[in-house]
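> this one's structure only:
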């Protein structure tokens, strides 16, 4: 539930709606993974849940790597991005340092860092890529809040599966300064509370279970490997509509 102070802050800070945001229907905000519509590449394929220009300062895609060790060699760009490893074991590289991470882990790459992610062996990997970017190219480096970061600062272990009470933060503002990615869980029949509005966009990615998502009075059930994007200022919410625990990523950028 939004407090009076938060409502006042929203009114003061909410930006004007972007074109198409105020009249976007719920069906326009839901995207289900469909491998037949993925874009093939030299390493496997990529599927865009939220392509560039569809959201404000955010893109979300899934990459499947099984033909080559990785999609990219170590590279850098001004935008920061995060990875959620959905399947397999991966080797991540950040500024020349390597670590091996299991499925369910996350990896944050600050803007300007040299980074890559690749298979640890022959097993395929799949990962969700969350990038803080706009249609226009970012001209300056998106610097993290933590200035003297290390590769270990940028890796989070898998979220505890049994903890349904507290969100598990993969990427927080103390690290990134502008990207927030966390895992939340809801028991059967539970929900986030009353529907709410935010001054910034919010996206959900269902990892396990069945969710009912809501947008300005519309409701729809979605399952795993499905995203729900809520534009800034829109009334929205999510609840567990199944008989098993619901686990989903909550993604915010500014």
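Looks like it arrived, so ask away. Source: prediction; values computed, not measured. Residues are numbered from 1 along each chain as shown.
> drop to CA atoms for contacts and neighbour counts, all remaining ones
OK.
> could you say which helix or strand contains residue 206?
Counting by DSSP states H and E, the element that carries residue 206 is strand 202-208.
> Mind listing what's buried along that strand?
In terms of neighbour count (16 or more other CA atoms under 10 Å), strand 202-208 has its buried residues at 202-208.
> Residue 214 is in contact with residue 238, correct?
Yes - counting by CA atoms under 8 Å, residue 238 does reach residue 214; the two are 6.2 Å apart.
> Tell me which of the two has more neighbours.
residue 238 (22 against 19; other CA atoms under 10 Å).
> Show the contacting residues for the closest residue to the more buried one other than its chain neighbours.
Nearest non-adjacent residue to residue 238, counting by CA to CA, 6 or more residues apart in numbering: residue 213, 4.5 Å away. Applying CA atoms under 8 Å, 6 or more residues apart in numbering, we find residue 213 in contact with 219-222, 228, 236-239.
> Check residue 176 too.
Residue 176 touches 110, 143-146, counting by CA under 8 Å, 6+ apart.
> Now those in TSV, please, with extra columns for secondary structure.
Listed next are those as TSV, based on DSSP: H, G, I helix; E, B strand; the rest coil:
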residue	secondary structure
110	coil
143	coil
144	coil
145	coil
146	coil
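> Off-centre distance for stretch 145-156?
With CA atoms, centre = their mean, to the nearest Å as the basis, stretch 145-156 stands 18 Å off its chain's centre.
> which residues touch that stretch?
Contacts of stretch 145-156 (CA under 8 Å, 6+ apart): 93-95, 97-99, 105-109, 170-171, 173-177.
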